[in-house]
Every structure is written in C-alpha cells, then in structure tokens.
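[1] when you get a sec, could you give me coordinates for this:
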Amino acid sequence: MFNTLLVEDDISYRQALSDILLLHFPLIGVDEAGDGKEALTKVEYLRPELIFMDIHLPGKNGLDVTREIKRVYNDIVIVILTRSGLPEYRQQAYRNGADYFLSKEDDYCLEDILTRVDIALTRLSSH
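    Residues are numbered from 1 along each chain as shown. This is a model prediction of the structure:
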C-alpha cells in the first residue's frame, strides 16, 4: 500500500485534498495530521512514502518537522504545500530537507499535487 500523509491545520483544506487524492488515486492510503506533533507520531507507524506538509502549523512549524523526519527517514518524499510562496520560505524548505515546494496560491497547484503523487507511485512501482 502506498501511504500519503497530509499535514495541515486547516481541516477543510486537508479534507478536501484528501478527497481529491482518493478520487484520483483510489488505491492509495491517505492519512491526516493537524499539527507537527501528530505528524511525527504518524510517520513512526505509517511510514508514508509521501508527505504534503504545511509550513504554518500549531506547535512545531512544518520546516522543523520536515527536518526531523528527513533526519530519520530520508527516503520519504516531502512536499511543502503552503500559502507562503515567498522565496525565503522556498529556500528554508529545501535547506530543511524538503523535496518539493508548492504554493497553494499557484493556479496549477492541484495539478502539481497530482503530478507529485503520480511520480511517487511510478517510482515505487518500478522498484
């Protein structure tokens, strides 16, 4: 099973994204976390192949959580998915180990999200 984790404090956005992913990729597992602490706990037992991570989370921010995850599980693909498309955030995301950075404000964001899942699924099935 291919597992994806959505780390987002906006419940309606998180649930909408989960619904879209399951509609397009019905055979993947999608789990959700509302903050960094919950995300770290879920990574331990779910071992997702792909994580969509917001930067602005209650408690630990998404950049710190990304760094902690990558320190232990470097093979998990982490996509920073945030409203803050500022270049400084992009640079910090990559410095903290993110594989990709997507802005929710981008007109093509949903297409980019679906592409990232498709690429990750293709990579997994070729192993």
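
[2] in the protein, which helix has the most residues?
    Longest helix of the chain, by residue count under DSSP state H: helix 109-125.

[3] so what touches that helix?
    Residues from elsewhere that reach helix 109-125, judged by C-beta atoms under 8 Å, 6 or more residues apart in numbering: 2, 4, 17, 20-21, 24-25, 28, 49-50, 52, 77, 79, 81, 100, 102-103, 106. Where you see a C-beta, it was placed from the backbone N, CA and C, and this is true even at glycine.

[4] at 7 Å instead, please
    Helix 109-125 is contacted from outside by 2, 4, 20-21, 24-25, 49-50, 77, 79, 100, 102-103, using C-beta atoms under 7 Å, 6 or more residues apart in numbering.

[5] next one: stretch 3-14
    With contact meaning C-beta under 7 Å, 6+ apart, stretch 3-14 is reached by 17-18, 21, 28-35, 39, 42-43, 46-54, 57-58, 62, 65, 117.

[6] quick revisit: any idea how far the longest helix of the chain is from the chain center?
    Taking the mean of its C-alpha atoms, helix 109-125 sits 11 Å from the chain's own mean (C-alpha atoms, centre = their mean, to the nearest Å).

[7] great, nothing more from me.
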